[in-house]
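Trainee: sequence first, then the predicted structure, then my questions.
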Amino acid sequence: MFDRISIRWRLALVSAGLTFLTLCAFAALFGSLTTARLRSDFVSDTANAASRLQERLTIAPTSSTGFRVSPPLELYAAPNNAAIRLFWGDRQQVPGGSTPSAPDLGLPVNQGMRESGGYLIETRYTTLTTGEESGQKLSFPVWIEYARPLEDLERTINRLRLLLVIGVAGGSLLALLGGLALARRSLRPITALTAAAQEIARTRDPDRHVPEPPTDDEVAELARTFDEMLTSLEASRQETEGALVRQREFVADASHELRTPLTSVLANLELLADGLDGDRKEAATAALRSSQRMRRIVADLLLLARSDDRHPVTRQHVDLAHVASEATSEAGALTKDHRLLVEAAEPLIVDGDRDELHRLVINLVENAIRHTPAGTTVTISAAPDGVDALLTVADDGPGIAAEQRARIFERFVRRSGDHGGSTGLGLAIVRTVAESHGGSVSVEDAEPGATFIVRLPLTSTERA
């Protein structure tokens, strides 16, 4: 999860996390020391208050059963919300010797400090002396219990803890916000680099440059590296384009120059095949077939080279239905084991090059014949489909594997089971011719068999 969030948030979270840990450590240490100090002060204050009460306390009889305690216990206990109780030496409570609503904390046991019933109790044993009466001075042994509620101490400690928690949370939040702001400001040059790179990718303009920050830091080094990379890529692209141009020119020139000698070779081989007998005739016929195949390959390479060079297509009105019938008849001479059916009755007029469209149809038919077993039926149909002409070549053979359909129209790609029977250029030429005429080609499963669909735009008059 941490690796999936943005760098800005990661920096901010790390900053806030470190601040949180630091504040937690400080809060734990400060809270522990402060709590210990508060408890110590609470104990000291309780003991001191009990000592002062012991020093100031006086008791005098007012009657045979009544006593007056001074200072008034409730007034003395009020500042600390304390409870005070007085006992005689035999641990009997002194009449009137307790604060109102003082809890029952048990009888005094020993001098010193103890906790009981939620109170911190300081117990003192002392002797109180009264004024002279009938010429005698009276002394009374007395137990003094001075108790302070621990709730006050705990309330103070809880307030301290709450303040520490608020401080830790507030400091961590401020660290997070500050980290976000700092990370956003620090990453602003990288954001500018990203925007510039996206603009270069959108426009494909190699002359654009990424902005270089004014500071000489890692981001500036990254910007310079991007510029150097763009320069290198542009140089590499130009070299690749130059090599491709030279390759296309070579293929086009070589194909064009080979046409004349191949025509001469074909003519001589035809004469030889007609004038020879026996084994010599068969050898001449085999050489003639190889030369015819070479002429087809040269013509295919020349067509592809012209397509790569965006050579303009000579446009004229062509009846696609008639072209399909002619090409099917020509391809039918290549096989006696397949049944070819043509369904193209009405004229379909498209703008294009007749020879190239003828090549498109014959390549599709030959492809169906070559890759289907004997006895297969190949159906060639041409029909209007809205503003387009639809040329369909379907067979009832074994079909095409799904993994081959994505690459079947690429150059020099052969179907499985093809052991040299084709050059791998037939369907590539079909796609090239279809796209140069503003159309498209696709393949679909026919169950059984396969169906190739070529879609070409009709002329404006045919659309009307």
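Mentor: Arrived safely, thanks for sending.

Trainee: nearest residue to Pro448 in space, please, no chain neighbours.
Mentor: In this structure, Pro448 finds its nearest non-sequential neighbour in Asp396, 5.1 Å apart by C-beta to C-beta, 6 or more residues apart in numbering. C-betas here are computed from N, CA, C, even on glycine.

Trainee: residues contacting the one you found?
Mentor: Contacts for Asp396 (C-beta atoms under 8 Å, 6 or more residues apart in numbering) come out as Thr372, Thr376, Thr377, Ala446, Pro448, Gly449.

Trainee: got the contact list for the second one?
Mentor: When you say that, I think you mean Thr376. With C-beta under 8 Å, 6+ apart, Thr376 has these contacts: His338, Arg339, Ala368, Asp395, Asp396, Gly397, Gly449.

Trainee: for the residue nearest to Ala196 when sequence neighbours are not counted, give me phi and psi.
Mentor: Closest residue to Ala196 apart from its sequence neighbours, by C-beta to C-beta, 6+ apart: Val210 at 4.3 Å. Note on Val210: its backbone torsions stand at phi -80, psi 150 [degrees, to the nearest 10].

Trainee: show me the strands in the stretch 51-200 of the chain, by range?
Mentor: For the stretch 51-200 of the chain, applying DSSP state E, counting those that start in this stretch gives strands covering 58-61, 67-70, 83-88, 93-98, 112-116, 119-133, 136-149.

Trainee: may I see those arranged in a markdown table, with mean neighbour count, distance to Arg155 and mean pLDDT as well?
Mentor: Output for the strands of the stretch 51-200 of the chain, formatted as a markdown table (neighbours: other C-beta atoms under 10 Å; distance: least, C-beta to C-beta, whole Å; pLDDT from 0 to 100):
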| stretch | mean neighbour count | distance to Arg155 | mean pLDDT |
| --- | --- | --- | --- |
| strand 58-61 | 15 | 34 | 76 |
| strand 67-70 | 15 | 30 | 78 |
| strand 83-88 | 21 | 17 | 90 |
| strand 93-98 | 16 | 24 | 83 |
| strand 112-116 | 13 | 16 | 87 |
| strand 119-133 | 16 | 14 | 79 |
| strand 136-149 | 18 | 9 | 83 |
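
Trainee: could you dump those strands to a markdown table with distance to Leu304?
Mentor: Below are the strands of the stretch 51-200 of the chain laid out as a markdown table (distance: least, C-beta to C-beta, whole Å):
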| stretch | distance to Leu304 |
| --- | --- |
| strand 58-61 | 124 |
| strand 67-70 | 121 |
| strand 83-88 | 108 |
| strand 93-98 | 115 |
| strand 112-116 | 100 |
| strand 119-133 | 101 |
| strand 136-149 | 100 |
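
Trainee: hang on, the earlier thing: could you measure from the residue nearest to Pro448 over to Arg339?
Mentor: 10 Å (C-beta to C-beta, to the nearest Å).

Trainee: swap in Pro347?
Mentor: According to C-beta to C-beta, Pro347 stands 25 Å off from Arg339.

Trainee: do the same with Leu320
Mentor: The value you get for Leu320 to Arg339, if C-beta to C-beta is used, is 22 Å.

Trainee: okay, these two: which has more neighbours?
Mentor: Leu320 (27 against 13; other C-beta atoms under 10 Å).

Trainee: could I get the full set of strands for the stretch 251-400 of the chain?
Mentor: 316-319, 339-343, 349-352, 377-385, 388-395.

Trainee: what's the neighbour count on Ile157?
Mentor: 16.

Trainee: same thing with Ser6?
Mentor: Neighbourhood size, Ser6 [other C-beta under 10 Å]: 10.

Trainee: next up, identify which helix or strand Val14 is on.
Mentor: Using DSSP states H and E, the element containing Val14 is helix 7-56.

Trainee: that helix - contacts with which helices or strands?
Mentor: For helix 7-56, the contact count by 3 or more C-beta pairs under 8 Å, 6 or more residues apart in numbering; DSSP states H and E identifies strand 112-116, strand 119-133, strand 136-149, helix 150-186 as packing neighbours.

Trainee: can you list those in TSV and add distance to Asp279?
Mentor: Listed next are the helices and strands packed on helix 7-56 as TSV, based on distance: least, C-beta to C-beta, whole Å:
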stretch	distance to Asp279
strand 112-116	126
strand 119-133	128
strand 136-149	128
helix 150-186	86
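
Trainee: relative to Gly426, which of these is closest?
Mentor: Closest approach to Gly426 among these (C-beta to C-beta): helix 150-186, 58.1 Å.

Trainee: and the protein, what are its domains?
Mentor: Annotated domains of the chain cover 7-173, 206-311, 316-463 [automatic domain parsing].

Trainee: what angle do the longest helix seen in the chain and helix 150-186 make?
Mentor: As assigned by DSSP state H, the longest helix anywhere in the chain is helix 218-275. Put simply, helix 218-275 runs at 50 degrees to helix 150-186, going by axes from the mean of the first three to the mean of the last three C-alpha atoms, to 10 degrees.

Trainee: so Val413 sits against Gly424, correct?
Mentor: Yes: with contacts counted by C-beta atoms under 8 Å, Val413 reaches Gly424, the gap being 5.3 Å.

Trainee: where are the low-confidence patches of the stretch 101-250 of the chain?
Mentor: Within the stretch 101-250 of the chain, the ranges that satisfy pLDDT under 70 run 130-137, 206, 244, 247-250.

Trainee: so what does Cys409 look like in phi/psi?
Mentor: Just to correct that, residue 409 is Phe rather than Cys. With angles defined as degrees, to the nearest 10, Phe409 sits at phi -100, psi 10.
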